[in-house]
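[1] Here is a sequence with its predicted model. Questions after.
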Amino acid sequence: MTQNKPTTIDYYSSATSPSAMATTTLTDLIEAIRSDEFAAKITKLRSTLAAGDDDGYAVAKKDLQAVSISGTCEGRRAKAIEEGRFIHSGFLQLDFDAADNVGWTVEEIVEILQAEPRIVAAFVSPSGAGVKGIARIPVCTTKEEHVAAFVAARNHFRAHNLTMDEACKDPVRLMFVSHDPGAWIDLSRSAMFEPVATTETEIPKVEKKAKKSGIKLKAGKTAFPSPPREGIHTWLMEASWHCRFAGMDEADAVAKLQAYDGSLRRAYQPNEVINAVRTVYSSDMPESTDDWRDAATVAAARRAPSTAQSFDPEDVFYDGPANKYLVRVGKSFMTYSKLSPVITGVSRHLSNDHEDAKELMQAVRESVKNRELDGGVQWHGSIAGHGQGLSQDINDLPILITSEAKIPQPMAGDAPTISEIVGGAFADPIATTVFMSWLSGRYKSVRAHCHIPSPMLVLAGEINSGKSLLAWIVAQALGGRTANPYAAWSGGMLWNDDLVGSELLLVDDCIGSTDIRSRRNFGASFKESVYPHSVQLRKRNNSSISVRPVWCVMVCCNDTPESLQIIPPLDADLADKIALLHVIGVKLPIDTSTPEGKTKLQTLIRSELPAFAQQLIDWETPEELRDSRSGIIAWRDPELSESVDAHSPSKRLEALLEAAMTDYGIWHDLPRDMTASEIEARLVELNSPVREQARQLCGTWHGACGSALAKLARSGGQYVALSERPPVGKALRYTITR
């Protein structure tokens, strides 16, 4: 064998593939294991194993991708070493199976590997019960050198009571990929397991016991337990029971165990001894014929009635792609990344149904396995406007909605403060009607868990005119969950997970962008998010799903020309999807300049929300303002519409054309048919009186001038019309007149 780059390894499509399909690096492998690349396959394998189908797991595992950690070979893997076709990587794979390391947890094994400077990577195995490690060894030139390095690693871990899979001594052995978001790698480590001399004494393998040992509760005659072979926690519990049976008090038991001078395979964790002793001494003394582990579980279960710690199996759900357990407790869900708390909670719930401890534990295991299948989902989280509980996305994938909007429930009564605020906020009574009609439709939509497309509601007014207070009232009426969509929708973000669980998407006092592309992106994203049948929810570290959130969009801004730039251009495709209301100033019944005053006003408004909700239920939109699709037309205040339109790119271009035409030298040949490029060239040429302004307008993006000309032509501009002459290639001609 000859040396090559130490990070190059072979990648196989399955364990049965005779030759590699590609090469990769250790870094790329760990990144793939951390990501969702293999998540679906691994989740299915672990579910098969959890269901007790060991044979099905073994068969399905053969189709899983694999890598050759110790190197690459040309052609078929068989006899690659003997024929000199194998190039060693300087890596050795380590495999710690659960069956060979009874009493060790996955977390403990990973900690041991991370603490060893000759280990460069580790991750949880496909089964979820073992650990794969990768060690540095010299680049070996013969199979014997590789085996000698393996023996060095094996002897090292045997000294720590850890058993490695002997098959890893084969340099061409394949290692299956896995899914572990916590997969670990540190290639800066350079220490190696050096091959041992052939005469070096081999540390004997720890013999596996045929059956787990356990203290029987006749422990008055039982000797103090031997140093641990099956995990320190197990030994601590056994030793604690021994101390209790011997008549020692709790403090003496803690002191005895903390001072234990026997050979432990690792140091105690903080409070580990205290917690073990406390658990034992707080348990009821079981019958003398029971095993202490099962008996302690039963005893703990019967003294823990709290619903937050006692789980009905029907309330347990399992998110396979995220590898998390979710438990419904009251109106909330608790999330667990480990199985042990779920086992404990279910044990406590079922304890009264089973007198025999072994029967109880069997029932618990069966219940949890069933819930991993019957309560299995592909995504969990909050979705705007959806009710809590099991649901499905557009593609019929099972999903779990973990929370829902807490909207005020309608109740007969008056809401004088809210009515006064809303009634005095707008100068035009039509604006008040539009506001109430819009909010009534949105409230009914959230209450019915049904999305109804609605216009973007823009509230524009002077500083401190009450726009944010109106937005706060809207938010409370819709459940209180808000998020700002501007960054995601204007092109600044890929993820939209902060929007997923919010019914009100609120843009409040954001600075408007002068980049027309950002404004167009904002408008296009609004249209694509609120008006189609479904939306793809992209959430970090989660699978994407397609659903229909119950969304509505509201924008609050000042009424200055600069602030109004937050609004998307009112082009033909958005003209009927943006409502624009002018807020003139809200008169407050309470001084809110102090924290106490602000809290008092909010408390008063919240007390009126049920009566206000009843008003929204009873509200009838006037026929002249009704829209067949969204329930309310996109009415716009005339003065604000004129202000927005006056600062649009098309109106600015029209003003520049009017000013430029005073120079008869450049524009002496009008009327004339020209393309957008030709018109732009005249506006920015050296002798143009509007050269700098035109450069600013047309320089925002390459199609700015053509876009503005097209809008002027469609709207019947004073100086621009679409030419009857055919285009120049794909470029339209425009007739320019004085």
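    On my side now, so go ahead.

[2] How many residues are close by residue 170?
    Number of residues near residue 170 (other C-beta atoms under 10 Å) recorded here: 15. For glycine as for every other residue, the C-beta is placed from the backbone atoms N, C-alpha and C.

[3] if I look at it, how far off is residue 74?
    Note on residue 170: its distance to residue 74, by C-beta to C-beta, to the nearest Å, is 18 Å.

[4] Flag the shaky bits of the stretch 201-350 of the chain, pLDDT-wise.
    201-223, 226-234, 261-271, 284-308 (pLDDT under 70).

[5] all strands for it, in order.
    Listed in chain order, the strands of the stretch 201-350 of the chain (DSSP state E, counting those that start in this stretch) span 316-319, 324-329, 332-336.

[6] what's the longest one packed up against?
    If you count contacts as 3 or more C-beta pairs under 8 Å, 6 or more residues apart in numbering; DSSP states H and E, strand 324-329 packs onto strand 316-319, strand 332-336, helix 340-350.

[7] residues in contact with the second one?
    Just to be clear, that refers to strand 332-336. Strand 332-336 has contacts (C-beta atoms under 8 Å, 6 or more residues apart in numbering) with 308, 317, 324-327, 342, 380, 400, 402-403.

[8] hmm, who's touching the lengthiest helix in the chain?
    Ranked by residue count, the top helix of the chain under DSSP state H comes out as helix 595-618. Residues outside helix 595-618 that contact it (C-beta under 8 Å, 6+ apart): 407-419, 436, 439-440, 443-444, 472-473, 476-477, 588-592.

[9] quick one: which of the residues you listed sit in helices?
    Those of those lying in helices (DSSP H): 416-419, 436, 439-440, 443-444, 472-473, 476-477.

[10] And stretch 16-33, what's buried?
    Neighbour-count burial for stretch 16-33, counted by 16 or more other C-beta atoms under 10 Å, picks out 17, 20, 24-26, 29-30, 32-33.

[11] Mind picking the two most distant members of those residues?
    17 and 30 (21.4 Å; C-beta to C-beta).

[12] Endpoints of stretch 499-507, how far apart?
    12 Å (C-alpha to C-alpha, to the nearest Å).

[13] got JSON lines for the buried residues of stretch 16-33, with distance to residue 346 too?
    Putting those into JSON lines (distance: C-beta to C-beta, whole Å) gives the following:
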{"residue": "17", "distance to residue 346": "41"}
{"residue": "20", "distance to residue 346": "45"}
{"residue": "24", "distance to residue 346": "41"}
{"residue": "25", "distance to residue 346": "43"}
{"residue": "26", "distance to residue 346": "39"}
{"residue": "29", "distance to residue 346": "36"}
{"residue": "30", "distance to residue 346": "34"}
{"residue": "32", "distance to residue 346": "34"}
{"residue": "33", "distance to residue 346": "30"}
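
[14] wait, doesn't residue 36 sit right on residue 321?
    Yes: counting by C-beta atoms under 8 Å, residue 36 touches residue 321, with 6.6 Å between them.

[15] which parts of stretch 316-334 are buried?
    Within stretch 316-334, the residues that count as buried by 16+ other C-beta under 10 Å are 316-323, 325-329, 333-334.

[16] Check stretch 33-42 too.
    Within stretch 33-42, the residues that count as buried by 16+ other C-beta under 10 Å are 33-34, 36, 38-39, 41-42.

[17] next one: stretch 473-493
    By neighbour count with 16+ other C-beta under 10 Å, stretch 473-493 contains the buried residues 473-483, 485-486, 488-491.

[18] Next: stretch 137-156.
    137-140, 143, 145-156.

[19] Distance from that stretch to the middle of the chain?
    42 Å (C-alpha atoms, centre = their mean, to the nearest Å).

[20] roughly how far out does stretch 417-428 sit from the chain middle?
    Distance, centroid of stretch 417-428 to centroid of chain: 40 Å (C-alpha atoms, centre = their mean).

[21] Does residue 721 belong to a helix, a strand or coil?
    Per DSSP: H, G, I helix; E, B strand; the rest coil, the secondary structure class of residue 721 is strand.

[22] Settle this for me: it is touching residue 737, isn't it.
    Yes: counting by C-beta under 8 Å, residue 721 does reach residue 737; the two are 7.4 Å apart.

[23] neighbour-wise, which of those two wins?
    More neighbours surround residue 721 than the other of residue 721 and residue 737, with 16 against 12 (other C-beta under 10 Å).

[24] Please name the residues that touch the closest residue in space to the more buried one that isn't next to it in sequence.
    Among residues not flanking residue 721 along the chain, residue 735 sits closest, at 4.6 Å (C-beta to C-beta, 6 or more residues apart in numbering). Going by C-beta under 8 Å, 6+ apart, residue 735 touches 671-673, 720-724.

[25] From the residues you listed, pick the one nearest residue 86.
    The closest of the contacts of residue 735, once distances to residue 86 are taken by C-beta to C-beta, is residue 722, at 71.3 Å.

[26] Can you tell me how far the closest one is from residue 309?
    Taking C-beta to C-beta, one finds residue 722 at 73 Å from residue 309.

[27] would you put the C-alpha positions of stretch 387-407 in CSV?
    What follows is stretch 387-407, C-alpha atoms only, in CSV (Å, rounded to 0.1, in the frame of the first residue of the first chain):
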residue,chain,number,x,y,z
GLY,A,387,-55.6,24.0,15.9
GLN,A,388,-53.4,22.1,18.3
GLY,A,389,-53.1,18.3,17.7
LEU,A,390,-52.4,15.8,14.9
SER,A,391,-52.9,17.1,11.4
GLN,A,392,-51.6,16.6,7.8
ASP,A,393,-49.8,18.8,5.4
ILE,A,394,-50.9,19.2,1.7
ASN,A,395,-49.1,15.9,0.8
ASP,A,396,-50.9,14.0,3.6
LEU,A,397,-47.8,13.7,5.7
PRO,A,398,-48.7,13.5,9.5
ILE,A,399,-47.6,16.6,11.4
LEU,A,400,-48.2,17.7,15.0
ILE,A,401,-49.3,21.2,15.8
THR,A,402,-47.9,22.0,19.3
SER,A,403,-49.8,25.2,20.0
GLU,A,404,-52.6,27.4,18.6
ALA,A,405,-53.6,31.0,18.8
LYS,A,406,-55.3,32.0,22.0
ILE,A,407,-57.9,34.4,20.5
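
[28] what comes into contact with it?
    317, 319, 326, 331-333, 376-386, 443, 446-447, 449, 477-481, 501, 503, 533-534, 545-548, 613.

[29] And it, how far out from the chain middle?
    On C-alpha atoms, centre = their mean, the centre of stretch 387-407 falls 16 Å from that of its chain.

[30] ditto for stretch 331-349
    That offset, for stretch 331-349, works out to 21 Å (C-alpha atoms, centre = their mean).

[31] Give the buried residues for it.
    Using 16+ other C-beta under 10 Å as the test for burial, stretch 331-349 gives 333-334, 342-349.

[32] again, but for stretch 437-445
    437-443, 445.

[33] how many neighbours does the closest residue to residue 461 other than its chain neighbours have?
    Counting by C-beta to C-beta, 6+ apart, residue 583 is the residue found nearest to residue 461 once chain neighbours are left out, at 3.2 Å. The tally of other residues near residue 583 (other C-beta under 10 Å) stands at 24.

[34] pretty sure residue 459 is touching residue 586, no?
    No: counting by C-beta under 8 Å, residue 459 does not reach residue 586; the two are 10.8 Å apart.
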